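Colleague: give me coordinates for this.
(one chain, ligands or ions: 2)
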Amino acid sequence: MIELSVAIKNKAYANSKQTVLAQLDFTVKSGEFVAIIGPSGCGKSTLLNMISGLETCSGQHISYNESANTEGNTNKDALQQLGYIFQQPRLMPWLTVRENIELILQADQFDKIDDLLAQVGLANEGDYFPSQLSGGMQRRVSIARAFAINPQLLLLDEPFNSLDAPTAARLRQLLMDLCKQRSTTVVFVTHDLQEAVYLADRIIFLSDSPSRIIHQSVIDLPRP
Ligand code: ADP
Ligand code: ADP
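Modeller: Residues are numbered from 1 along each chain as shown. Ligands and ions are numbered 1, 2, ... in the order given. Sure, this is the predicted structure:
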């Protein structure tokens, strides 16, 4: 169980100098599903990259506090329990579905791949190559891959973009089930308010760049 806290004073990219994120300060409770919503280009992907350590800036403070027995756990340990699902599935095209998941696991964990593939509805597609799958199926592989490490903290960057509506709806439900079963702490980035309301416990609204938090809403809806 991971609680995330984020404090970013000023993030600019070296080649542009323009501030992308400013005075961004929030925490995500353990097991909470937070959606971050904001206009295109406001810095949502940058924020996830900073949470995952792919991007940094001076004066940032990002910590992953494990809520139970915290002793001895460092940020580095927490990063090993982090899953990141990108806008594009980013599968290795020369590897089969199963091999794409094996890539991030130790050999003694390979026996859980069948279960994972079954959970995302791909029990029979393990030996297919990504190019043999539909867009929706490729996303499902990327979801299975992210859950293979049993992430305590999951970052998602508009994972349902450019999918047709029924496919996106099925995948949203799948994602919500997987996260609730495991009490995963989630930061979900989207520009789709309806999607945010459907999935999240809380929504953080960002302004246009330089991004600041302009509003936060707790969503208290009965869940399916
Ligand atoms: P969003 O995910 O909300 O669409 P991004 O985080 O991708 O926004 O981008 C925020 C701003 O930072 C945009 O103006 C974008 O052009 C700029 N940006 C993103 N990545 C880089 C980079 N590697 N170098 C320079 N500028 C970047
Ligand atoms: P698309 O080809 O439009 O991208 P999908 O790849 O999402 O659609 O779905 C392909 C097939 O898999 C459909 O017949 C769909 O009903 C089925 N399917 C989708 N999600 C699941 C799931 N979680 N479990 C089982 N079957 C699924």
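
Colleague: let me see the contact set for the residue nearest the centre of the chain.
Modeller: For the chain, the residue nearest the mean C-alpha position is Leu155 (1.9 Å; Cα atoms, centre = their mean). By Cβ atoms under 8 Å, 6 or more residues apart in numbering, Leu155 lies in contact with 48, 51-52, 82-85, 186-187, 189. For glycine as for every other residue, the C-beta is placed from the backbone atoms N, C-alpha and C.

Colleague: closest one to Ala148 out of the residues you listed, please.
Modeller: Gly83 (8.5 Å; Cβ to Cβ).

Colleague: relative to Tyr13, how far out is that closest one?
Modeller: The gap separating Gly83 from Tyr13 is 25 Å, by Cβ to Cβ, to the nearest Å.

Colleague: of these two, which one has the most company?
Modeller: Higher neighbour count among Gly83 and Tyr13: Gly83, with 22 against 12, using other Cβ atoms under 10 Å.

Colleague: keep only those of the contacts of Leu155 that are in strands.
Modeller: Those of the contacts of Leu155 mapping onto strands are 82-85, 186-187, 189, per DSSP state E.

Colleague: re earlier: a markdown table please, covering the contacts of Leu155 and showing distance to ligand 1 and pLDDT.
Modeller: Listed next are these as a markdown table, based on distance: Cβ to the nearest ligand atom, whole Å; pLDDT from 0 to 100:
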| residue | distance to ligand 1 | pLDDT |
| --- | --- | --- |
| Leu48 | 8 | 95 |
| Ile51 | 12 | 94 |
| Ser52 | 13 | 92 |
| Leu82 | 18 | 90 |
| Gly83 | 18 | 92 |
| Tyr84 | 14 | 93 |
| Ile85 | 14 | 93 |
| Val186 | 17 | 95 |
| Val187 | 13 | 97 |
| Val189 | 7 | 96 |
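
Colleague: ok, the residues you listed vs Leu163, which is closest?
Modeller: Proximity of those to Leu163 (Cβ to Cβ) peaks at Ile85, which lies at 13.0 Å.

Colleague: what's the burial count for the closest one?
Modeller: Residues near Ile85, counting by other Cβ under 10 Å, number 24.

Colleague: who does it bridge with?
Modeller: For Ile85, the residues forming beta bridges with it (DSSP bridges) are Leu156.
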